[in-house]
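[1] attaching a predicted model along with its sequence, questions to come.
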Amino acid sequence: MDTNNILKRLAEILGITRDVLEKKMGRTIRIMSYRGIDYVVLREDLGGFREGTVIFLSEEKIIHGYPSIRRLALLEGVPLHMIDEIVVEEKMNGYNVRIVLVNDRILAITRGGYICPYTTARIEKIYGERLREALSEYEDVVLAGEVIGTENPYVVYEYPEAHGFDYFIFDVMKNGALAPLSLRDEIVDKYSLKRVPVLARLNKNELGRLREIIDDLDKRGREGVVIKDPMHRVSPLKYTTIYINIKDIEEGMKYPFDEGRGYLFSRIVRLICQAYEYGLSNEELDRIALRLGRAILGPAVESLKARSKGRLIAATYKLVFPSEEDLRDYLEFLEELGVDAVVKIIGTSREGVEVELMKLKDTHGYYSKILETGYSPLD
(Lines give C-alpha, C1' and ligand atoms only; values in the text may rest on other atoms or scores of the structure.)
Protein backbone atom coordinates (compact mmCIF):
# COMPACT_ATOMS: atom_id res chain seq x y z
CA MET A 1 0.00 0.00 0.00
CA ASP A 2 1.29 3.45 -0.96
CA THR A 3 0.92 5.53 2.21
CA ASN A 4 1.24 8.85 0.37
CA ASN A 5 -1.55 7.94 -2.04
CA ILE A 6 -3.71 6.66 0.80
CA LEU A 7 -3.29 9.90 2.78
CA LYS A 8 -4.18 11.97 -0.28
CA ARG A 9 -7.36 10.00 -0.93
CA LEU A 10 -8.24 9.90 2.76
CA ALA A 11 -7.95 13.69 3.01
CA GLU A 12 -10.38 14.03 0.09
CA ILE A 13 -12.87 11.52 1.52
CA LEU A 14 -12.90 12.88 5.07
CA GLY A 15 -12.42 16.54 4.27
CA ILE A 16 -9.42 16.73 6.61
CA THR A 17 -6.08 18.27 5.62
CA ARG A 18 -3.23 15.92 4.82
CA ASP A 19 -1.01 17.61 7.44
CA VAL A 20 -3.49 16.69 10.18
CA LEU A 21 -3.76 13.12 8.92
CA GLU A 22 0.03 12.66 8.79
CA LYS A 23 0.31 13.68 12.44
CA LYS A 24 -2.39 11.17 13.38
CA MET A 25 -0.88 8.18 11.56
CA GLY A 26 -0.34 5.19 13.82
CA ARG A 27 -1.95 6.57 16.97
CA THR A 28 -5.32 7.65 15.55
CA ILE A 29 -5.22 6.28 12.00
CA ARG A 30 -4.34 2.72 11.10
CA ILE A 31 -4.12 1.27 7.60
CA MET A 32 -5.26 -2.35 7.34
CA SER A 33 -5.93 -4.95 4.66
CA TYR A 34 -8.18 -7.99 4.46
CA ARG A 35 -8.15 -10.32 1.46
CA GLY A 36 -7.15 -7.57 -0.93
CA ILE A 37 -9.48 -4.95 0.55
CA ASP A 38 -7.58 -1.93 1.89
CA TYR A 39 -9.28 0.02 4.65
CA VAL A 40 -8.49 2.71 7.20
CA VAL A 41 -9.47 2.55 10.88
CA LEU A 42 -10.01 5.59 13.09
CA ARG A 43 -8.84 4.54 16.53
CA GLU A 44 -10.00 7.84 18.08
CA ASP A 45 -12.58 10.52 17.23
CA LEU A 46 -11.29 12.68 14.38
CA GLY A 47 -12.79 15.59 12.47
CA GLY A 48 -16.37 14.82 13.46
CA PHE A 49 -16.00 11.09 12.79
CA ARG A 50 -16.42 8.67 15.69
CA GLU A 51 -13.85 6.21 16.96
CA GLY A 52 -14.29 2.91 15.12
CA THR A 53 -15.13 4.58 11.80
CA VAL A 54 -13.87 2.59 8.80
CA ILE A 55 -13.06 3.98 5.36
CA PHE A 56 -12.92 1.59 2.40
CA LEU A 57 -10.58 3.22 -0.07
CA SER A 58 -11.58 1.26 -3.19
CA GLU A 59 -15.21 2.42 -2.92
CA GLU A 60 -14.59 5.64 -0.98
CA LYS A 61 -17.16 4.27 1.44
CA ILE A 62 -17.40 5.45 5.05
CA ILE A 63 -18.77 3.12 7.73
CA HIS A 64 -19.36 5.32 10.75
CA GLY A 65 -18.45 4.17 14.24
CA TYR A 66 -21.33 2.92 16.36
CA PRO A 67 -22.38 5.68 18.79
CA SER A 68 -21.69 5.24 22.48
CA ILE A 69 -24.68 4.52 24.73
CA ARG A 70 -25.12 6.31 28.04
CA ARG A 71 -25.21 4.07 31.09
CA LEU A 72 -27.96 4.60 33.65
CA ALA A 73 -26.99 4.60 37.30
CA LEU A 74 -30.60 5.09 38.45
CA LEU A 75 -33.79 4.03 36.66
CA GLU A 76 -35.24 7.38 37.74
CA GLY A 77 -33.22 8.84 34.86
CA VAL A 78 -35.46 7.21 32.22
CA PRO A 79 -38.33 9.75 32.29
CA LEU A 80 -35.81 12.60 32.43
CA HIS A 81 -34.14 11.46 29.21
CA MET A 82 -36.86 9.81 27.12
CA ILE A 83 -39.70 11.58 25.30
CA ASP A 84 -42.75 9.29 25.66
CA GLU A 85 -42.82 5.65 24.53
CA ILE A 86 -39.81 3.42 25.15
CA VAL A 87 -38.76 0.06 23.74
CA VAL A 88 -37.05 -2.23 26.25
CA GLU A 89 -34.63 -4.69 24.65
CA GLU A 90 -32.39 -7.28 26.21
CA LYS A 91 -28.75 -6.27 26.43
CA MET A 92 -26.84 -9.37 25.41
CA ASN A 93 -23.36 -10.14 26.72
CA GLY A 94 -21.16 -10.34 23.65
CA TYR A 95 -19.35 -7.98 21.30
CA ASN A 96 -20.61 -5.26 18.97
CA VAL A 97 -20.29 -6.07 15.25
CA ARG A 98 -21.33 -4.01 12.22
CA ILE A 99 -22.11 -5.93 9.02
CA VAL A 100 -21.44 -4.28 5.65
CA LEU A 101 -21.30 -5.34 2.02
CA VAL A 102 -18.14 -4.39 0.10
CA ASN A 103 -17.39 -5.74 -3.36
CA ASP A 104 -20.23 -8.23 -2.84
CA ARG A 105 -18.45 -9.56 0.25
CA ILE A 106 -19.97 -9.66 3.73
CA LEU A 107 -17.58 -8.11 6.26
CA ALA A 108 -17.88 -8.10 10.07
CA ILE A 109 -16.42 -4.98 11.70
CA THR A 110 -15.70 -4.86 15.44
CA ARG A 111 -16.55 -1.89 17.65
CA GLY A 112 -12.93 -0.72 17.29
CA GLY A 113 -13.18 -0.66 13.50
CA TYR A 114 -11.31 -3.82 12.48
CA ILE A 115 -12.53 -6.45 10.05
CA CYS A 116 -12.33 -9.59 12.19
CA PRO A 117 -11.52 -12.54 9.89
CA TYR A 118 -12.92 -15.05 12.36
CA THR A 119 -16.23 -13.23 12.92
CA THR A 120 -16.55 -12.55 9.19
CA ALA A 121 -16.06 -16.23 8.34
CA ARG A 122 -18.55 -17.49 10.95
CA ILE A 123 -21.27 -14.98 10.06
CA GLU A 124 -20.75 -15.58 6.32
CA LYS A 125 -21.27 -19.30 6.83
CA ILE A 126 -24.45 -18.88 8.89
CA TYR A 127 -26.15 -15.86 7.31
CA GLY A 128 -24.07 -14.90 4.27
CA GLU A 129 -26.68 -15.32 1.54
CA ARG A 130 -29.46 -13.61 3.52
CA LEU A 131 -27.22 -10.72 4.59
CA ARG A 132 -25.97 -10.23 1.03
CA GLU A 133 -29.53 -10.01 -0.26
CA ALA A 134 -30.59 -7.64 2.53
CA LEU A 135 -27.66 -5.25 2.09
CA SER A 136 -28.04 -5.34 -1.69
CA GLU A 137 -31.65 -4.19 -1.39
CA TYR A 138 -31.03 -1.71 1.45
CA GLU A 139 -27.83 -0.25 0.00
CA ASP A 140 -27.48 2.67 2.38
CA VAL A 141 -27.70 0.76 5.67
CA VAL A 142 -25.26 -0.84 8.07
CA LEU A 143 -26.47 -3.62 10.35
CA ALA A 144 -25.33 -3.47 13.96
CA GLY A 145 -25.65 -6.40 16.30
CA GLU A 146 -24.17 -8.57 19.02
CA VAL A 147 -22.13 -11.72 18.51
CA ILE A 148 -22.75 -14.02 21.47
CA GLY A 149 -21.76 -17.48 22.60
CA THR A 150 -18.78 -19.52 23.75
CA GLU A 151 -16.98 -19.80 20.40
CA ASN A 152 -15.40 -16.38 19.94
CA PRO A 153 -12.11 -14.67 20.84
CA TYR A 154 -13.57 -11.67 22.69
CA VAL A 155 -16.49 -12.17 25.12
CA VAL A 156 -17.24 -15.75 26.15
CA TYR A 157 -20.65 -16.11 27.77
CA GLU A 158 -22.96 -19.06 27.36
CA TYR A 159 -26.37 -18.48 25.81
CA PRO A 160 -28.53 -21.55 25.09
CA GLU A 161 -29.95 -19.78 22.04
CA ALA A 162 -26.51 -19.13 20.53
CA HIS A 163 -25.38 -22.76 19.97
CA GLY A 164 -21.75 -21.68 20.36
CA PHE A 165 -21.86 -18.70 18.01
CA ASP A 166 -24.66 -16.49 16.75
CA TYR A 167 -25.48 -12.93 15.68
CA PHE A 168 -28.42 -10.85 16.92
CA ILE A 169 -29.18 -7.51 15.26
CA PHE A 170 -30.03 -4.60 17.55
CA ASP A 171 -29.86 -1.57 15.25
CA VAL A 172 -29.67 -0.30 11.69
CA MET A 173 -27.49 2.71 10.86
CA LYS A 174 -27.94 5.14 7.96
CA ASN A 175 -25.29 7.79 7.29
CA GLY A 176 -23.88 7.29 10.77
CA ALA A 177 -27.22 7.77 12.57
CA LEU A 178 -29.43 5.15 14.20
CA ALA A 179 -32.54 4.52 12.08
CA PRO A 180 -36.05 3.93 13.48
CA LEU A 181 -36.49 0.45 14.94
CA SER A 182 -39.23 -0.26 12.41
CA LEU A 183 -36.57 -0.43 9.66
CA ARG A 184 -34.54 -2.94 11.65
CA ASP A 185 -37.62 -5.07 12.22
CA GLU A 186 -38.56 -4.88 8.54
CA ILE A 187 -35.13 -6.14 7.43
CA VAL A 188 -34.90 -8.83 10.12
CA ASP A 189 -38.35 -10.21 9.35
CA LYS A 190 -37.97 -10.03 5.57
CA TYR A 191 -34.68 -11.94 5.51
CA SER A 192 -35.24 -14.32 8.47
CA LEU A 193 -32.41 -12.86 10.52
CA LYS A 194 -32.31 -12.63 14.33
CA ARG A 195 -32.90 -9.59 16.51
CA VAL A 196 -32.15 -9.09 20.18
CA PRO A 197 -35.18 -9.94 22.33
CA VAL A 198 -37.70 -7.10 22.57
CA LEU A 199 -39.03 -7.34 26.12
CA ALA A 200 -41.65 -4.59 26.23
CA ARG A 201 -42.95 -1.32 24.83
CA LEU A 202 -43.79 1.00 27.72
CA ASN A 203 -44.56 4.56 28.64
CA LYS A 204 -41.41 6.19 29.95
CA ASN A 205 -42.99 6.58 33.41
CA GLU A 206 -43.73 2.86 33.89
CA LEU A 207 -40.69 2.35 36.09
CA GLY A 208 -42.36 -0.37 38.17
CA ARG A 209 -42.81 -2.55 35.09
CA LEU A 210 -39.26 -1.76 33.96
CA ARG A 211 -37.95 -2.82 37.36
CA GLU A 212 -39.88 -6.11 37.11
CA ILE A 213 -38.24 -6.85 33.73
CA ILE A 214 -34.78 -6.17 35.14
CA ASP A 215 -35.45 -8.28 38.24
CA ASP A 216 -36.49 -11.19 36.02
CA LEU A 217 -33.29 -10.86 33.95
CA ASP A 218 -31.26 -10.75 37.16
CA LYS A 219 -32.82 -14.00 38.41
CA ARG A 220 -32.05 -15.67 35.08
CA GLY A 221 -28.43 -14.56 35.05
CA ARG A 222 -28.82 -12.23 32.05
CA GLU A 223 -26.95 -9.00 31.40
CA GLY A 224 -29.52 -6.21 31.39
CA VAL A 225 -31.53 -3.92 29.13
CA VAL A 226 -31.14 -1.26 26.50
CA ILE A 227 -33.89 1.35 26.59
CA LYS A 228 -34.65 3.02 23.25
CA ASP A 229 -36.88 5.61 21.71
CA PRO A 230 -38.58 3.72 18.83
CA MET A 231 -37.65 6.51 16.39
CA HIS A 232 -34.20 7.10 17.93
CA ARG A 233 -35.09 10.74 18.53
CA VAL A 234 -32.88 10.58 21.62
CA SER A 235 -29.94 8.29 22.28
CA PRO A 236 -30.51 4.90 23.98
CA LEU A 237 -29.72 4.08 27.59
CA LYS A 238 -28.29 0.88 29.05
CA TYR A 239 -28.69 -0.69 32.47
CA THR A 240 -27.12 -3.90 33.79
CA THR A 241 -28.30 -6.34 36.44
CA ILE A 242 -26.74 -6.92 39.85
CA TYR A 243 -25.93 -10.46 38.73
CA ILE A 244 -23.85 -9.41 35.73
CA ASN A 245 -22.09 -6.58 37.57
CA ILE A 246 -20.75 -9.12 40.07
CA LYS A 247 -20.17 -11.77 37.38
CA ASP A 248 -18.09 -9.31 35.31
CA ILE A 249 -15.92 -8.57 38.36
CA GLU A 250 -15.47 -12.30 38.91
CA GLU A 251 -14.35 -12.77 35.28
CA GLY A 252 -12.11 -9.70 35.29
CA MET A 253 -10.39 -10.64 38.54
CA LYS A 254 -9.03 -13.83 37.00
CA TYR A 255 -6.51 -11.37 35.56
CA PRO A 256 -6.29 -8.59 38.19
CA PHE A 257 -3.42 -6.73 36.49
CA ASP A 258 -5.26 -6.73 33.17
CA GLU A 259 -9.04 -6.36 33.37
CA GLY A 260 -9.34 -6.36 37.15
CA ARG A 261 -8.62 -2.72 37.94
CA GLY A 262 -10.78 -1.41 35.11
CA TYR A 263 -13.65 -3.72 35.98
CA LEU A 264 -13.79 -3.04 39.68
CA PHE A 265 -14.68 0.56 40.44
CA SER A 266 -17.23 1.20 37.69
CA ARG A 267 -19.18 -1.89 38.64
CA ILE A 268 -19.01 -1.15 42.35
CA VAL A 269 -20.51 2.28 41.58
CA ARG A 270 -23.36 0.53 39.74
CA LEU A 271 -23.94 -1.71 42.77
CA ILE A 272 -23.95 1.31 45.10
CA CYS A 273 -26.68 2.96 43.01
CA GLN A 274 -28.71 -0.24 42.78
CA ALA A 275 -28.52 -0.78 46.54
CA TYR A 276 -29.75 2.80 47.04
CA GLU A 277 -32.54 2.69 44.47
CA TYR A 278 -33.75 -0.78 45.45
CA GLY A 279 -33.71 0.16 49.14
CA LEU A 280 -31.82 -2.99 50.08
CA SER A 281 -31.95 -4.05 53.73
CA ASN A 282 -28.80 -4.77 55.74
CA GLU A 283 -29.45 -8.48 55.32
CA GLU A 284 -29.68 -8.11 51.52
CA LEU A 285 -26.54 -5.96 51.52
CA ASP A 286 -24.70 -8.65 53.45
CA ARG A 287 -25.65 -11.27 50.84
CA ILE A 288 -24.47 -9.04 47.98
CA ALA A 289 -21.30 -8.06 49.87
CA LEU A 290 -20.38 -11.73 50.30
CA ARG A 291 -20.91 -12.41 46.60
CA LEU A 292 -18.92 -9.29 45.73
CA GLY A 293 -16.04 -10.15 48.05
CA ARG A 294 -15.79 -13.68 46.68
CA ALA A 295 -15.93 -12.33 43.11
CA ILE A 296 -12.97 -10.04 43.87
CA LEU A 297 -10.76 -12.42 45.83
CA GLY A 298 -11.71 -15.91 44.68
CA PRO A 299 -10.58 -15.89 41.02
CA ALA A 300 -7.53 -13.71 41.75
CA VAL A 301 -6.30 -16.11 44.45
CA GLU A 302 -6.92 -19.12 42.18
CA SER A 303 -4.86 -17.48 39.42
CA LEU A 304 -1.98 -16.85 41.84
CA LYS A 305 -2.10 -20.49 42.99
CA ALA A 306 -2.04 -21.60 39.36
CA ARG A 307 1.00 -19.44 38.60
CA SER A 308 2.80 -20.79 41.69
CA LYS A 309 2.39 -24.26 40.17
CA GLY A 310 4.01 -23.12 36.93
CA ARG A 311 0.83 -22.71 34.90
CA LEU A 312 0.34 -19.94 32.35
CA ILE A 313 -2.06 -17.12 33.20
CA ALA A 314 -3.83 -16.78 29.88
CA ALA A 315 -7.32 -16.38 28.52
CA THR A 316 -8.36 -19.46 26.58
CA TYR A 317 -10.90 -19.48 23.75
CA LYS A 318 -12.39 -22.22 21.64
CA LEU A 319 -12.78 -21.17 18.00
CA VAL A 320 -14.20 -23.00 15.00
CA PHE A 321 -12.96 -21.83 11.59
CA PRO A 322 -15.00 -22.81 8.53
CA SER A 323 -11.75 -23.39 6.58
CA GLU A 324 -7.97 -23.46 6.96
CA GLU A 325 -7.81 -20.28 4.86
CA ASP A 326 -10.00 -18.51 7.43
CA LEU A 327 -7.63 -19.69 10.17
CA ARG A 328 -4.62 -18.32 8.27
CA ASP A 329 -6.38 -14.98 7.78
CA TYR A 330 -7.07 -14.74 11.50
CA LEU A 331 -3.49 -15.58 12.48
CA GLU A 332 -2.22 -12.86 10.11
CA PHE A 333 -4.72 -10.46 11.67
CA LEU A 334 -3.42 -11.19 15.19
CA GLU A 335 0.16 -10.72 14.01
CA GLU A 336 -0.70 -7.40 12.36
CA LEU A 337 -2.25 -6.17 15.60
CA GLY A 338 0.71 -7.41 17.65
CA VAL A 339 -1.39 -9.78 19.77
CA ASP A 340 0.67 -12.32 21.72
CA ALA A 341 -1.24 -15.58 21.28
CA VAL A 342 -0.69 -19.31 21.06
CA VAL A 343 -2.89 -21.38 18.76
CA LYS A 344 -3.33 -25.14 18.97
CA ILE A 345 -5.39 -27.08 16.44
CA ILE A 346 -7.66 -29.48 18.30
CA GLY A 347 -9.12 -31.24 15.27
CA THR A 348 -11.71 -31.00 12.53
CA SER A 349 -15.46 -31.48 12.52
CA ARG A 350 -18.43 -30.87 10.24
CA GLU A 351 -18.25 -27.22 11.27
CA GLY A 352 -14.59 -26.78 10.30
CA VAL A 353 -11.21 -26.51 12.03
CA GLU A 354 -11.45 -26.49 15.84
CA VAL A 355 -8.78 -24.40 17.55
CA GLU A 356 -7.74 -23.47 21.09
CA LEU A 357 -6.48 -19.89 21.30
CA MET A 358 -4.51 -18.70 24.34
CA LYS A 359 -3.78 -15.01 24.96
CA LEU A 360 -1.10 -14.51 27.61
CA LYS A 361 -2.07 -11.92 30.23
CA ASP A 362 0.06 -9.25 31.92
CA THR A 363 -1.02 -10.82 35.21
CA HIS A 364 1.25 -13.76 34.34
CA GLY A 365 4.35 -11.54 34.56
CA TYR A 366 3.19 -9.61 37.63
CA TYR A 367 2.42 -12.79 39.55
CA SER A 368 5.77 -14.26 38.50
CA LYS A 369 7.58 -11.23 39.96
CA ILE A 370 5.57 -11.39 43.19
CA LEU A 371 6.40 -15.07 43.62
CA GLU A 372 10.10 -14.54 42.77
CA THR A 373 10.76 -11.47 44.93
CA GLY A 374 7.98 -11.30 47.50
CA TYR A 375 7.54 -7.63 46.65
CA SER A 376 4.28 -5.92 45.72
CA PRO A 377 4.29 -4.32 42.25
CA LEU A 378 2.02 -1.58 43.62
CA ASP A 379 2.73 1.02 46.26
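    Looks like it arrived, so ask away.
[2] only C-alpha atoms from now on, for both contacts and neighbour counts.
    OK.
[3] what's next to the helix or strand bottoming out on mean pLDDT in the chain, contact-wise?
    When the helices and strands of the chain are scored by mean pLDDT, DSSP states H and E, helix 3-14 comes last with a mean of 85. Under the criterion Cα atoms under 8 Å, 6 or more residues apart in numbering, residues 16, 17, 18, 21, 22, 47, 57, 60 lie in contact with helix 3-14.
[4] do the same with stretch 245-256
    258-260, 263-264, 267-268, 270-271, 291-292, 294-300, 302-303, 313, 361-363.
[5] selecting buried members of those residues in ChimeraX, what would you type?
    Only the buried entries of the contacts of stretch 245-256 go into this ChimeraX selection, using 16 or more other Cα atoms under 10 Å:
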select :258,259,260,263,264,267,268,270,271,292,295,296,299,300,303,313,361,363
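[6] what about the contacts of stretch 245-256, which are in helices?
    Of the positions in the contacts of stretch 245-256, 263-264, 267-268, 270-271, 291-292, 294-300, 302-303, 362-363 sit in helices, assigned by DSSP state H.
[7] what ranges do the helices span in the stretch 1-150 of the chain?
    For the stretch 1-150 of the chain, the helices defined by DSSP state H, counting those that start in this stretch occupy 3-14, 18-24, 78-81, 117-137.
[8] make JSON lines from the ones you listed and add distance to residue 166 and mean neighbour count to it.
    Compiled in JSON lines, the helices of the stretch 1-150 of the chain are given as follows (distance: least, Cα to Cα, whole Å; neighbours: other Cα atoms under 10 Å):
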{"stretch": "helix 3-14", "distance to residue 166": "34", "mean neighbour count": "15"}
{"stretch": "helix 18-24", "distance to residue 166": "36", "mean neighbour count": "14"}
{"stretch": "helix 78-81", "distance to residue 166": "30", "mean neighbour count": "15"}
{"stretch": "helix 117-137", "distance to residue 166": "8", "mean neighbour count": "18"}
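[9] residue 379 is nearest to which of the ones you listed?
    helix 18-24 (34.8 Å; Cα to Cα).
[10] which residues does that closest one contact?
    7, 8, 11, 29.
[11] now the two most distant members of those.
    Across these, no pair lies farther apart than 8 and 29, at 13.6 Å, counting by Cα to Cα.
[12] where does this protein dip in pLDDT?
    In the predicted model, the chain carries pLDDT under 70 at residues 1.
[13] who are the contact partners of the residue nearest the centre of the chain?
    Centroid-nearest residue in the chain, with Cα atoms, centre = their mean: residue 95, separated by 2.5 Å. When contacts are counted by Cα under 8 Å, 6+ apart, residue 95 touches 110, 111, 146, 147, 148, 154, 155.
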